[in-house]
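In: sharing a model prediction with you, sequence too.
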Amino acid sequence: MTVKITVSLPDDIGATLRALPSGQVSSYVADAVRRKMQRESMEDILAAAGHRKYEHDPARAAELIAAATVPPEVYARVTAQLIADRLLPADWESRAA
């Protein structure tokens, strides 16, 4: 069984969905929502076990990585991946400099 709904999305997400091959948007969105549901379920399980919940903050994570003793090539690779995954803004390197 399926349900049809209409949602409003930011431009960048809409562009990503429009770039998908015809007929794949629904499965792409369903997979993303399913992953989010699984993550929330895991967070609930961990919270019930007494684990602290950390907010999703890729920019702060990058700042902590930069402040730590991390080889420059590792920092560059991780930062590039976060930018590629759109978890950091494209101009992150110029902001961090």
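Out: Great, that's in hand.
In: what's the closest non-adjacent residue to Arg86?
Out: Asp12 (7.0 Å; CB to CB, 6 or more residues apart in numbering). In this view, the C-beta of every residue, glycine as well, is placed from N, C-alpha and C.
In: any idea how far the one you found lies from Arg18?
Out: 11 Å (CB to CB, to the nearest Å).
In: repeat for Glu40
Out: 27 Å.
In: got the phi and psi for the residue positioned nearest the centre of the chain?
Out: Among the residues of the chain, the one closest to the centroid is Leu87, at 5.3 Å (CA atoms, centre = their mean). Note on Leu87: backbone dihedrals following degrees, to the nearest 10 are phi -100, psi -10.
In: return the residues in contact with it.
Out: Going by CB atoms under 8 Å, 6 or more residues apart in numbering, Leu87 touches Pro58.
In: if you count neighbours, what's buried in the single longest helix found in the chain?
Out: If you go by DSSP state H, the chain has its longest helix at helix 25-48. Across helix 25-48, burial judged by 16 or more other CB atoms under 10 Å covers Val29.
In: quick check: next helix or strand after that helix?
Out: Next along the chain after helix 25-48, taking DSSP states H and E as the criterion, comes helix 58-67.
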